[in-house]
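# coordinates only, sequence not included:
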């Protein structure tokens, strides 16, 4: 297979590929709620949550017990069937995607992504999270808030990874092999984008993120 040197400049990033932040959902109520159903939120657990929040983003505002209790109350009222709210499910799915990215040697995740993921995973495995995971509907609400913060900081890298995965799949399908066997890396993806942009520039077309005709410009795999 042909090889290409890594490029210093990353491609232009696509728009965010996951749901937008839902911190507006955590509005302060008029009261001073501390209960999630029958469970009473603990101040010391909130301190642990806010410590993880500051580790992810020092500029993020600390959350309050009332914000979580009020949000949990609304979610419980909206999902009496016990289902996980879509915004929570979306962020837990995004966390798994970040974990996949971190384990993909072909993409070479950034040190910052690895750092953020360690913080999220550490909070997830501890037994002192703010809301116990086994509480129906809202057990993962606190985890989802932390993931949401991380996504706002890592959205560019995650968008790049999704584009890289599309590039690798097209190459694998064209060559008739598994994606893992292509040996394609981030450097190959960047080179393919550069080729596409140069080709499109010659016809005065607007550059895209990905090769317009993969069959004509992808690398030969063999």
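Arrived safely. Worth saying up front: this structure is predicted, and the values here are computed from it rather than measured. Numbers count the residues shown, from 1 in each chain.

# residue boundaries of the helices in this protein?
Under the criterion DSSP state H, the chain contains helices at 43-56, 65-78, 86-102, 111-125, 141-175, 186-202, 214-217.

# could you redo these as a markdown table and give each row distance to residue 131 and mean neighbour count?
C-beta here means a position set from N, CA and C on the backbone, and glycine is covered the same way. Listed next are those as a markdown table, based on distance: least, Cβ to Cβ, whole Å; neighbours: other Cβ atoms under 10 Å:
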| stretch | distance to residue 131 | mean neighbour count |
| --- | --- | --- |
| helix 43-56 | 8 | 16 |
| helix 65-78 | 7 | 19 |
| helix 86-102 | 11 | 17 |
| helix 111-125 | 12 | 15 |
| helix 141-175 | 5 | 20 |
| helix 186-202 | 37 | 18 |
| helix 214-217 | 45 | 12 |
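
# Now render the ones you listed as JSON lines, adding distance to residue 33 and mean pLDDT.
Formatted as JSON lines, these follow (distance: least, Cβ to Cβ, whole Å; pLDDT from 0 to 100):
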{"stretch": "helix 43-56", "distance to residue 33": "13", "mean pLDDT": "96"}
{"stretch": "helix 65-78", "distance to residue 33": "3", "mean pLDDT": "91"}
{"stretch": "helix 86-102", "distance to residue 33": "19", "mean pLDDT": "94"}
{"stretch": "helix 111-125", "distance to residue 33": "22", "mean pLDDT": "96"}
{"stretch": "helix 141-175", "distance to residue 33": "14", "mean pLDDT": "93"}
{"stretch": "helix 186-202", "distance to residue 33": "46", "mean pLDDT": "84"}
{"stretch": "helix 214-217", "distance to residue 33": "54", "mean pLDDT": "36"}
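
# Make a markdown table out of those and add distance to residue 37.
A markdown table is the format used below for these (distance: least, Cβ to Cβ, whole Å):
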| stretch | distance to residue 37 |
| --- | --- |
| helix 43-56 | 16 |
| helix 65-78 | 6 |
| helix 86-102 | 16 |
| helix 111-125 | 21 |
| helix 141-175 | 12 |
| helix 186-202 | 46 |
| helix 214-217 | 52 |
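
# Show me the one of the ones you listed that comes nearest residue 36.
helix 65-78 (4.3 Å; Cβ to Cβ).

# Please state the offset of that closest one from the chain centre?
Centroid displacement of helix 65-78 relative to its chain, using Cα atoms, centre = their mean, to the nearest Å, is 24 Å.

# Residue numbering should commence at 13 henceforth.
That works, and once the first residue is 13, the last one we named lands at helix 77-90.

# what's the angle from it to helix 153-187?
Interaxial angle, helix 77-90 versus helix 153-187 (axes from the mean of the first three to the mean of the last three Cα atoms, to 10 degrees): 60 degrees.

# which strands and helices sit next to helix 77-90?
Packed against helix 77-90 by the contact rule (3 or more Cβ pairs under 8 Å, 6 or more residues apart in numbering; DSSP states H and E) you find strand 47-48, helix 55-68, helix 153-187.

# if I pick the closest residue to residue 161 other than its chain neighbours, what's in contact with it?
Using Cβ to Cβ, 6 or more residues apart in numbering and skipping residues adjacent in sequence, the residue nearest residue 161 is residue 68, 5.0 Å away. Residue 68 is in contact with 128, 131-132, 158, 161-162, 165, counting by Cβ atoms under 8 Å, 6 or more residues apart in numbering.
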